[in-house]
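K.L.:
need a 3D model of the following:
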Amino acid sequence: MCKLFESVPDFFRESDEPPYDCNDGASMRLYRDVSVEEYKAYTDKVKAAGFSLFDENRIKDNYYSGFSGDNFMLYVNYSGADGHMHVIADPNTELYEKEKPACQPRAETVLYQFEIDHSLIDCGMCYIVQCADNSFFIVDSAHVCSVLDNQRIYDFLRSLTPEGEKIVISGWFFSHGHVDHIGKFMDFLRYNYDDSVVIEKLYYNFVSCSHPDNGEWIISDKIFQLQFEELVKNYPEIPKVKLHRGQSFWVRNLKFDVLCTHEDIYPDDLINYNDSSTVLMMTAESSKVLFPGDAGEKESRLLEDCYGDYLKCDIVQVAHHGHFGTSVEFYELAHADVALFATTQIMFDGDWPVYAANRKAVELSKEHYIASNGTVKIKLPYRFGATEVFPDETFEDFEGIYNLWGYEYTKERKEELREAFEKRKKK
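P.N.:
Numbering: from 1, shown residues only. As a prediction, this is how the structure comes out:
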């Protein structure tokens, strides 16, 4: 048991499960068949033990309380859908903004689906939100095979930042530790993080690479996650916020609710690493944007059961790039006007007949966009007809793709894609 729990009040009965390693020194106890009355009685017990209430939140039948202790934060979250209560002791996290900060409006709030370089890779994801004060909140980055995308991301931020001012990244969030989500951030730190850039906070919660199911994961993915964790230790000046379900935090004029993390899958298995994704709901200028990352079947079911129609949003990032991920029911609940696919046209076309969830997301939307076809600009609040698509910048290196991944396409298909690319480029 984590030594931190020695000073944490016991619940009214023993946990049926062994403690869960939340990574980064944090540990969790899970209690089943808890009532909301027991949850409230326990949080009162925590207060009586000398812990200070830092934050509390409620979304439908899901309750959350965050407490500060002498040397650690204590989080208690409860879900009425399954009666699970989590008690998490976290010694290595910075605090988050729980109230909306003062933010001098200088720009429109804009969401960009950034066109990563898909010349050699069909996956990767990067969303950039320009906040009202001209700072940026970024979601993930791109694959290491998107070779120069750390520079392309830097140049894009530079182009949106007033001349003579530093690029201010008010928050950078990582949904999970797969290389196509963290790879280019690592290169951004190595090659682009200098006196011209301010990174105010990092937000994430990666599953431990010593998780009991880690033998089912791809070895290279574990290697890159461990490299990420070691790399950020070299930048102690950048605060790191570890996210847990129930937290509600602000970054400038953007409000975020943490809907689930890998901790909420426990004690079920995590054979599918994608189900370790941290899922965020962003509210900006009255518009809701849902970021499920690469969430799979288990997180999809959890989100549907726990949140129901709270998942209704204006814009949804389609999970796992449109490969196997969240369910048809998930997109029915989200019922988004805009569906964003962080993938290539080739993969979108290939996935279309296979995954009913993709077809449902598109069917319910007013518009949908594929990342490889050009950066998409969506002003917030969202208004139908106001979306812009920038000229397409990158195109497949078919020989390189074949050498790396073994994918081959017909001559006719290559010509068709080339013609479509040239047409988009001329817009």
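
K.L.:
now do the helix or strand that contains Leu226: which elements does it pack against?
P.N.:
Assigned by DSSP states H and E, Leu226 belongs to helix 219-233. Helices and strands in packing contact with helix 219-233 are listed as helix 179-191; criterion 3 or more Cβ pairs under 8 Å, 6 or more residues apart in numbering; DSSP states H and E. Where you see a C-beta, it was placed from the backbone N, CA and C, and this is true even at glycine.

K.L.:
CA atoms only: put the helix it packs on into CSV for me.
P.N.:
This file holds the C-alpha atoms of helix 179-191, laid out as CSV (Å, rounded to 0.1, in the frame of the first residue of the first chain):
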residue,chain,number,x,y,z
VAL,A,179,3.8,7.8,-30.2
ASP,A,180,1.4,9.4,-32.8
HIS,A,181,0.1,11.6,-30.0
ILE,A,182,3.3,12.6,-28.1
GLY,A,183,6.1,12.2,-30.7
LYS,A,184,6.4,15.7,-32.1
PHE,A,185,5.9,17.3,-28.7
MET,A,186,9.1,15.6,-27.7
ASP,A,187,10.9,17.1,-30.7
PHE,A,188,9.2,20.5,-30.0
LEU,A,189,10.9,20.4,-26.5
ARG,A,190,14.2,19.4,-28.0
TYR,A,191,14.4,21.8,-30.9
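
K.L.:
okay, the angle between that helix and helix 219-233?
P.N.:
Per axes from the mean of the first three to the mean of the last three Cα atoms, to 10 degrees, the angle that helix 179-191 makes with helix 219-233 is 30 degrees.

K.L.:
other residues contacting helix 179-191?
P.N.:
116, 121, 123-126, 140-146, 149-151, 153-154, 172, 174-175, 220-221, 224-225, 227-228, 231-232, 235, 293-294 (Cβ atoms under 8 Å, 6 or more residues apart in numbering).

K.L.:
likewise stretch 130-139?
P.N.:
103-110, 112, 125-129, 153, 157, 160-162, 165, 167-173, 175, 200, 251-254, 280, 291, 317.

K.L.:
can you give me the buried ones in that stretch?
P.N.:
Buried residues in stretch 130-139, counted by 16 or more other Cβ atoms under 10 Å: Gln130, Cys131, Ala132, Asp133, Asn134, Ser135, Phe136, Phe137, Ile138, Val139.

K.L.:
gap between the closest residue to Ile271 other than its chain neighbours and Ser141?
P.N.:
Once flanking residues are discounted, Ile271 sits nearest to Glu216: 4.5 Å by Cβ to Cβ, 6 or more residues apart in numbering. Remark: distance between Glu216 and Ser141 (Cβ to Cβ, to the nearest Å) = 25 Å.

K.L.:
if we can go back for a sec, among the contacts of helix 179-191, which ones are buried?
P.N.:
Here, 16+ other Cβ under 10 Å leaves 116, 121, 123-126, 140-146, 149-150, 153-154, 172, 174-175, 221, 224-225, 228, 232, 293-294 buried among these.

K.L.:
just the ones in helices from those, please.
P.N.:
Applying DSSP state H to the buried ones among the contacts of helix 179-191, the entries found in helices are Asp149, Asn150, Ile153, Tyr154, Asp221, Phe224, Gln225, Phe228, Val232.

K.L.:
fine, thanks again, bye for now.
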